[in-house]
Structure formats: structure tokens, C-alpha cells
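>>> Prediction below, plus the sequence it came from.
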Amino acid sequence: MPNRSPKPLRGVRVLSLALNLPGPAALMRLRALGATCTKAEPPGRDGGSGDPMGQYNPGAYAQLHDGIKVITIDLKSDRGQSALQRELTRTDVLLTSFRPSALHKLGLSWPALRKAHPALSMVAIVGAPGARAEEPGHDLTYLADAGLVPGLELPATLFADMGGALMAANAVLQAVLLNRSTGRGSFHEVALSDAAAWLALPRTWGLTQPKGAVGGAHAGYRIYPCQDGRVAVAALEPHFAAALCEAAGVPMKGMATMFSAGTHQAIADFMGGRTRAQLDRLAVERDIPLHTLA
């Protein structure tokens, strides 16, 4: 029989009030880990989703919420507050993405929750940590602050949001472990700016800077044009680099070879003279890590 993925959060009940992307992405991850997940949304217009994601990208919203129970709660009403408290009595971890001031207005500050539900844990997704949690921001601003927006083009994906979602899922795991050892709930703050800073560490260390081995200085770790597209080459380790040099007819004289201008030009010429199909075959025949792109 095939092995099934372990479900370490089986039996753990998570309630999320978090909208847009980081919270729902965290919830999707938590469901994959076995948690029973419920999402509470504000009332939407004309009976639609109360989460903006459901309005501007229904397809993404549907995938994020597959297998997740979605309920409607108006937290600004007495009736909604009563409904929320009923949900919290059967919840292990509450996930939010409000600013601290908004949580306080809604009666959902950590001190208030801890007093009413001692065993409940809370994971609060914020933009920036501590006193900066009230500052407005979004994925792009956090990436820019971390040095991950070097030009005028937008990043290829929402790195801070998705990285923050993984950190939030990790915080839920921490909360569950603490609860199992102490019987009490715990509070965890997850900042999207921290997620961006974590993802930026390779750049901070110089690895992905222009003079870094994976920033373009190593001839075996670059994107080259080919006859009918592009090829992403990741021949970083010595044996991969040696295989690439042998294929391109470049004499390999130690790893310094991969950082020379001559090697860069020779491999560029080699790639430029071949089609994607030829390079795909080369990858298999010579065991070279590369991927062709249109």
C-alpha cells in the first residue's frame, strides 16, 4: 500500500479570521497537515464572498478554501460576537490578520482571549513586528524593504505573503506543541516583513549578489538564451560544472574556471547554438541540471 503523508495536526481545530492571501494560504497548509479548519468571513455584498480574494480572483479563492468550512460572521454586531464566542469554545488555535488596534476594538486582544479561553492559542499575522504592526504595508513594500526589488519590475510572486503563510503554519505547530505540554494557550505574532527578511538572507549574505556564486558570477548557474528560448542552468556543484564544461568543450581547471569571463562566453555560445529539445536531451545524457524555457 502507498504511504500516506503524516497528519500531525489531525484533531486540531483552527478558526481563521484572516482574509486575502497569507491567512488563507496558511489555512490551506494547515488543512494539508490534518487540521480541521474553519474560516469566518464578514458578510459580502449581494451574497458574495466577504473575502476580497473571492471577488478579484475566484479561482485562487476556490483553491485556497478547498475542504475548508467557510461561515459568515459579522464581528461588528452583537449577534456576530456571540457566534464567534461559540466557535472559540471549540477552537484550539485562532488565526487573525488584523492590526492590533482593530483586534482590541473587536474584543479580540490576546489578554481578553486568554482570560475567556485559557486553552486557546492565537497566531496573529501582522505586517511588521511589535510597534510597527500598525503601519500600512503589503507584500511589495516588505520585499522592497528587504532589498528584494532591485529594479522596476514587480517580483515574480508574492514572496512575503506566501513565506508569511508558512511561518504562520509553523507558529500553529508551535502552539499545539506548547498546549500539549502545558495545557494552556500561547500567543504568536508572525510578521510579513520578517518573512521577507528571512527570504532575503541569501542576498544579505552575498550569495545572490552579482558577484555571488548563485548571483551570476558562476558560469554554471545562470540563464542563457538558446535558439528558441532560454535555458536555466544550475550546474553549481563541481561534478555538475565539470559535466557542463565537458559538453561545452571548456577545459576544466578547478572551480576558478567557472568564474572566468572566457568560460561565461564559451557556455553562452554553446547554449545559443542549440535548441531547447537538444538541451533537454543533453541534460538527460550528461546528467546536467538545467531547465529550458519558452
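Thanks, I have the structure now.
>>> how about residue 143, what does it touch?
Applying C-beta atoms under 8 Å, 6 or more residues apart in numbering, we find residue 143 in contact with 149, 155, 159-160, 196. Yep, even glycine has a C-beta here, placed from its N, CA and C like the rest.
>>> Neighbour-wise, give me the winner out of those residues.
Neighbour counts for the contacts of residue 143 (other C-beta atoms under 10 Å) peak at residue 160, which has 33 neighbours.
>>> For it, what is the enclosing helix or strand?
According to DSSP states H and E, residue 160 maps onto helix 159-182.
>>> still on that earlier bit, tell me the one among the contacts of residue 143 nearest to residue 85.
residue 160 (32.3 Å; C-beta to C-beta).
>>> any idea how far that closest one lies from residue 144?
Remark: distance between residue 160 and residue 144 (C-beta to C-beta, to the nearest Å) = 10 Å.
>>> same check, this time on residue 124
In terms of C-beta to C-beta, residue 124 sits 23 Å off from residue 144.
>>> Which one's more surrounded, these two?
Set residue 124 next to residue 144 and count neighbours by other C-beta under 10 Å: residue 124 wins out with 24 against 15.
>>> just to revisit the earlier point, by contact count, what packs against the helix holding residue 160?
Helix 159-182 sits against helix 22-32, strand 93-96, strand 121-126, helix 139-145, strand 187-191, helix 192-199, with contacts defined as 3 or more C-beta pairs under 8 Å, 6 or more residues apart in numbering; DSSP states H and E.
>>> Distance to residue 8 and mean pLDDT added to those, as TSV?
Output for these, formatted as TSV (distance: least, C-beta to C-beta, whole Å; pLDDT from 0 to 100):
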stretch	distance to residue 8	mean pLDDT
helix 22-32	10	97
strand 93-96	13	98
strand 121-126	15	98
helix 139-145	28	96
strand 187-191	17	98
helix 192-199	22	98
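>>> got these as TSV, with distance to residue 279 columns?
Below are the helices and strands packed on helix 159-182 laid out as TSV (distance: least, C-beta to C-beta, whole Å):
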stretch	distance to residue 279
helix 22-32	34
strand 93-96	45
strand 121-126	42
helix 139-145	32
strand 187-191	41
helix 192-199	29
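>>> Can you check which of these gets nearest to residue 213?
Going by C-beta to C-beta, the one of the helices and strands packed on helix 159-182 nearest residue 213 is helix 192-199, 18.2 Å.
>>> following that closest one, which helix or strand shows up next?
Following helix 192-199 in sequence order, the next helix or strand is helix 201-204 (DSSP H and E).
>>> Counting by contacts, list what that following helix packs against.
Of the remaining helices and strands, none touches helix 201-204 by 3+ C-beta pairs under 8 Å, 6+ apart.
>>> what does it rub up against?
Helix 201-204 is contacted from outside by 147-148, 208-209, 214, using C-beta under 8 Å, 6+ apart.
>>> Sheet-wise, list the partners of the helix or strand following that helix with their directions.
Using DSSP H and E, the helix or strand that follows helix 201-204 towards the C-terminus is strand 221-226. Paired neighbours of strand 221-226 in the sheet (DSSP bridges): strand 229-234 (antiparallel).
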